[in-house]
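3D model of this:
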Amino acid sequence: MIDINLIRNNPELVKENIRKKFQDKKLPLVDEVIALDKKKREYQTKIDELRANRNVLAKSIGALMREGKKEEAEKAKKESADNNAQIVFLEEDCAEIEKNLKKDMMAIPNIIADDVPVGKDDSQNVQGKVFLEAKEKDFEVPYHLDILESLNGIDLDSARRTSGNGFYYLTGDIARLHSAVLTYARDFMIDKGFTYCIPPFMIRSDVVSGVMSFEEMEGMMYKIEGEDLYLIGTSEHSMIGRFMGEVLPENALPQTLTSYSPCFRKEKGAHGIEERGIYRIHQFEKQEMIVICKPEESDYWYEKLWNYTVELFVSMEIPVRQLICCSGDLADLKYKSCDIEAWSPRQKKYFEVGSCSNLTDAQARRLGIRYKNSQTGKNEYAHTLNNTVVAPPRMLIAFLENHLQPDGSVYIPEVLRKYMGGKDKIVPKK
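This next block holds a predicted model:
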């Protein structure tokens, strides 16, 4: 949610930002917000006048009664009662105006960064830096599910019977590798100075509406029947929600946190759930980075965060690249975002394994996350950022394809061996 003052003072900038995101259907919202905001302030002025008059009348009634001017006192009482009735009526109308104003404000996208490339959808994202040389194998690389099955590492058939499509059992050395990467990623971020957290895996609706747009919520979140609880789609949701309504001391910033959680997603929409494979699924686990900082520091942290993911994948000897998200591919709360993509020797192209986003103060405004500015003494909105450290099982796909050997075994890089009991490879089960 953007600052109402920006809409009041520079509506054309807000409209141009909407056009850059190819959301022209939202253009009328800007004028609606201006009209509702004006109406709300007019109502509030009238309510304040009536309250002030009521206070004056309350004092005069007592004085009139003491002076024995009963008739005039009764007249003042009637005027005061009329005032109260008007206040109640206006407050009800004002509450409805505020409700509609908030709804419109939450639908207007965050202002995007000047350096975000303008494009309609993800097909117009722009390649950034490339890290490690992407090498093709001199043998045919099987589909990742075939590799997993050759290693006795997955059971999809049983998962379909117990849970349906989009679920899986990982077994044996593959399950161990999955946990090893998450544990390594946890230690990697702790070594970077981040505080490790395990958050709640369910959150209330007021947190959900604070961390994402309504469209995202409908396409992602699982609702717990009969309760005001949703399963998280990423630990960012509950981690940012942790600071809802708080005013942090300036010396408590930045908050640099890394969190583990399972993630649950409907995966509705164009992509859908894969019948065969584990690229797009309903349940997975992830290590995440979250930063809450002062506004002037968020660009700095954005660069650091996505580079941490690159460093992690390079340490596991997996080639990656940065993909800069264009305006039309940015979710409404995002100021800027980039994906980290890993090389697929089988497809001979890159695919997404993580995403880094700077949301400036858009998320903090929705959730009321502020800090006390020591220079001005005022409470100001903080900036929030999030980034994927690593998200198995997509990481497993990149890992298996890049480290598959001609004999069907899978090489384990040095950084992971201590988490794998010293193993340097996973061997197919004959």
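
quick one: the helices in the stretch 251-400 of the chain?
298-315, 362-367, 394-403 (DSSP state H, counting those that start in this stretch).

Equivalent analysis for the stretch 101-250 of the chain, please.
In the stretch 101-250 of the chain, the segments counted as helices under DSSP H, counting those that start in this stretch are 144-150, 156-162, 172-191, 205-211, 214-220, 235-241.

got the buried residues for the fifth one?
By neighbour count, with 16 or more other CB atoms under 10 Å as the criterion, the buried positions of helix 214-220 are 217, 220. In short, each C-beta sits where N, CA and C put it, glycine included.

can you check the longest one too?
Neighbour counts using 16+ other CB under 10 Å place 173-174, 176-178, 180-182, 184-186, 188-189 of helix 172-191 among the buried residues.

Spell out which residues sit in contact with the residue lying closest to Glu380 once chain neighbours are set aside, please.
Sequence neighbours aside, Asn373 is the residue nearest to Glu380 in space, at 5.0 Å (criterion: CB to CB, 6 or more residues apart in numbering). The neighbourhood of Asn373, defined by CB atoms under 8 Å, 6 or more residues apart in numbering, consists of 250, 379-380.

which of those residues tops the neighbour count?
Comparing these by number of neighbours (other CB atoms under 10 Å), Glu380 comes first, having 16 neighbours.

List the beta-bridge partners for that residue.
With DSSP bridges as the criterion, Glu380 is bridged to Tyr371.

What does the pLDDT read for it?
Listed pLDDT for Glu380 reads 96.

what is the mean pLDDT for stretch 182-189?
For stretch 182-189, mean pLDDT rounds to 98.

can you offset everything so residue one is 48?
Done: numbering now begins at 48, and the last item shifts to stretch 229-236.

Name the spans of the stretch 298-447 of the chain whose pLDDT lies under the cut-off.
Low-confidence segments of the stretch 298-447 of the chain (pLDDT under 70): 315-322.

Try it again at 50.
Nowhere does the stretch 298-447 of the chain drop to pLDDT under 50.

Helix or strand: which one has the residue with the largest distance to the centre of the chain?
Residue farthest from the centre of the chain, counting by CA atoms, centre = their mean, is Gly115 at 66.1 Å. Following DSSP states H and E, one finds Gly115 outside all helices and strands.

ditto for the one 10 residues further on
When elements are assigned from DSSP H and E, Lys125 belongs to helix 117-154.

So which other helices or strands are in contact with that helix?
Here helix 117-154 touches helix 74-113, going by 3 or more CB pairs under 8 Å, 6 or more residues apart in numbering; DSSP states H and E.

can we see that at 10 Å?
Judged by 3 or more CB pairs under 10 Å, 6 or more residues apart in numbering; DSSP states H and E, the packing partners of helix 117-154 are helix 51-56, helix 74-113, helix 252-258, helix 261-267, helix 409-414.

Check the offset of the last one from the chain's centre.
Distance of helix 409-414 from the chain centroid (CA atoms, centre = their mean, to the nearest Å) equals 11 Å.

Tell me what angle the helix holding Lys125 forms with helix 74-113.
Interaxial angle of helix 117-154 relative to helix 74-113 (axes from the mean of the first three to the mean of the last three CA atoms, to 10 degrees): 160 degrees.

Who are the contact partners of the closest residue to Val474 other than its chain neighbours?
Once flanking residues are discounted, Val474 sits nearest to Ser456: 4.9 Å by CB to CB, 6+ apart. Ser456 is in contact with 197-198, 450, 471-475, counting by CB atoms under 10 Å, 6 or more residues apart in numbering.

By neighbour count, which of the residues you listed wins?
Counting neighbours by other CB under 10 Å, Ile473 comes out on top of those with 26 neighbours.

Run through the bridge partners of it.
Beta bridges link Ile473 to Val457, judged by DSSP bridges.

from what I can see it touches Ile459, true?
Yes - using CB atoms under 10 Å, Ile473 is in contact with Ile459, at 6.8 Å.

Quick check: neighbours shared by the two?
Counting by CB under 10 Å, 6+ apart, the shared contacts of Ile473 and Ile459 are 220, 224, 450, 467.

From Glu196, how far out is the second one?
Read that as Leu224. Leu224 is 15 Å from Glu196, where distance means CB to CB, to the nearest Å.

Can I get the contacts of Asn420 in CSV including distance to Arg251?
Output for the contacts of Asn420, formatted as CSV (distance: CB to CB, whole Å):
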residue, distance to Arg251
Glu297, 28
Asn426, 24
Glu427, 26
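
For Glu114, the count of nearby residues, please.
By other CB under 10 Å, neighbour count at Glu114 equals 10.

which ones are touching it?
Ala120.

List the backbone torsions phi and psi for it.
phi -80, psi 0 (degrees, to the nearest 10).

That one and Ile65: what is the separation?
62 Å.

same deal with Pro296?
With the distance defined as CB to CB, Pro296 ends up 36 Å from Ile65.

Have a look at these two and say which one is more surrounded.
Shown here are Pro296 and Ile65; by other CB under 10 Å, Ile65 has more neighbours (19 against 9).

doesn't Ile54 make contact with the more buried one?
No - when contacts are counted by CB under 10 Å, Ile65 is not listed as touching Ile54 (11.2 Å).

Give the intersection of the neighbour lists for those two.
Counting by CB under 10 Å, 6+ apart, the residues touching both Ile65 and Ile54 are 76-77, 155.

quick one: which of these is nearest to Glu59?
Nearest to Glu59 out of the shared contacts of Ile65 and Ile54 is Val77 (CB to CB; 8.8 Å).
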